[in-house]
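Novice: coordinates only, no sequence provided:
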């Protein structure tokens with residue numbers, strides 16, 4: 001049995017995207033190095049049956065989790081309780097959000113040494129915008145201040161969408177974050193992520209953006225240098241909604257292919273009304289121009305590349321990258 005489990009925690013709304021990412025993880029992770037398991041909270045019996053069968057066919061574990069196991073927390077917070085429901089023989093976890101796609105080998109991340117009581121995480125994009133250049137930047141700085149996080153400490157703020165975890169010590173850390181989450185009572189913008197950041201001083205090891213690449217950074221001129229293997233589709237729309245820049249038909253296709261191969265999953269692919277699709281098309285073209293100005297044509301891009309240059313996993317990769325419309 002491998003020592004590492006690649007974990008997804010999801011509710012019924014994210015079952016299909018989590019399944020797609022898990023299928024890609026299984027493709028890019030040697031079976032001798034890691035198992036892949038979806039932990040499902042609150043899904044119907046019909047959904048559990050449909051996804052359980054599809055997962056079994058793809059070599060992926062599917063495990064329903066009782067609400068009491070996670071003290072009634074939702075799927076977003078279930079990662080804090082991994083030690084309670086993941087198999088006891090796993091010494092290491094690689095947690096991945098369901099709104100991701102995986103395009104290259106995960107072996108370097110799976111086999112990276114993570115000491116007891118620690119975990120790896122990539123910096124959140126907000127870190128690269130801590131300045132007084134624009135109103136957007138000042139808003140981000142003000143947000144950290146509102147949390148009681150100094151701007152110096154904020155440079156260590158991480159995104160919790162991909163976490164490479166040593167199991168030993170994770171339950172203690174997760175419980176501290178869960179208690180803080182409850183105490184915050186909705187007073188933060190990213191409550192689960194904020195809570196984990198605020199209790200993790202000295203525990204987080206910085207990780208390359210290669211393993212948690214915000215898809216909007218495709219507009220920032222850093223993708224070729226970073227060569228991502230895990231793309232994270234933060235915000236809306238998502239790739240299962242359709243082909244919207246900066247991604248295209250190739251990133252929408254896995255969801256269509258999944259329901260063609262596993263017809264029982266058809267009802268879990270959302271159908272977007274035409275007016276909403278048009279709105280997203282216009283929105284995303286506007287965002288492309290805005291993000292190019294905000295990230296490519298400012299000092300944020302050099303900050304991102306400087307961060308990457310210091311990461312231990314910043315090695316050359318053969319992983320496929322997305323091509324923006326007009327790229328050759």
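Specialist: Structure's in. What do you need? On a predicted model such as this, the values are computed, not experimentally measured, just so you know.
Novice: in the stretch 201-328 of the chain, where is pLDDT below threshold?
Specialist: Applying pLDDT under 70 to the stretch 201-328 of the chain flags residues 312-328.
Novice: what's the closest non-adjacent residue to residue 34?
Specialist: Among residues not flanking residue 34 along the chain, residue 4 sits closest, at 4.3 Å (C-beta to C-beta, 6 or more residues apart in numbering). C-beta coordinates here come from the backbone N, C-alpha and C atoms, glycine included.
Novice: and residue 17, by the same measure?
Specialist: Closest residue to residue 17 apart from its sequence neighbours, by C-beta to C-beta, 6+ apart: residue 98 at 4.6 Å.
Novice: verify the stated contact: that neighbour with residue 21.
Specialist: Yes. Using C-beta atoms under 8 Å, residue 98 makes contact with residue 21 at a distance of 5.8 Å.
Novice: which of the two has more neighbours?
Specialist: Neighbours per residue (other C-beta atoms under 10 Å) separate residue 98 from residue 21, with residue 21 holding more: 28 against 24.
Novice: how distant is the longest helix along the chain from the center of its chain?
Specialist: Counting residues, the longest helix in the chain under DSSP state H turns out to be helix 274-291. Centroid separation between helix 274-291 and its chain, computed with C-alpha atoms, centre = their mean, to the nearest Å, is 22 Å.
Novice: identify the residues contacting it?
Specialist: The contact list for helix 274-291 (C-beta atoms under 8 Å, 6 or more residues apart in numbering) reads 216, 219-220, 236-237, 241-242, 244-246, 272, 324.
Novice: and residue 194, what helix or strand is that in?
Specialist: Taking DSSP states H and E as the definition, one finds residue 194 inside helix 191-198.
Novice: and for residue 200?
Specialist: Going by DSSP H and E, residue 200 is not in any helix or strand.
Novice: residues near it, how many?
Specialist: 19.
Novice: residue 238 and residue 255, how far apart?
Specialist: Counting by C-beta to C-beta, to the nearest Å, the gap from residue 238 to residue 255 is 10 Å.
Novice: what do the two both touch?
Specialist: By the contact definition C-beta under 8 Å, 6+ apart, residue 238 and residue 255 are jointly contacted by residue 17.
Novice: other SSEs contacting the next helix or strand after the longest helix of the chain?
Specialist: For helix 274-291, the succeeding helix or strand toward the C-terminus, using DSSP H and E, is helix 300-309. With contacts taken as 3 or more C-beta pairs under 8 Å, 6 or more residues apart in numbering; DSSP states H and E, helix 300-309 sits against helix 223-226.
Novice: show me what the helix it packs on is packed up against.
Specialist: Contact partners of helix 223-226 among helices and strands, from 3+ C-beta pairs under 8 Å, 6+ apart: helix 300-309.
Novice: can you mark which positions in the helix it packs on are buried?
Specialist: By neighbour count on 16 or more other C-beta atoms under 10 Å, the buried set for helix 300-309 is 300-301, 303-305, 307-308.
Novice: please apply the same query to stretch 95-113.
Specialist: 95-106, 108-110, 112.
Novice: ok, now stretch 173-189?
Specialist: Of the residues in stretch 173-189, those buried (16+ other C-beta under 10 Å) are 173-178, 180-181, 188.
Novice: from what I see, residue 65 and residue 39 are in contact.
Specialist: Yes. Here residue 65 lies in contact with residue 39, judged by C-beta under 8 Å, at a distance of 5.1 Å.
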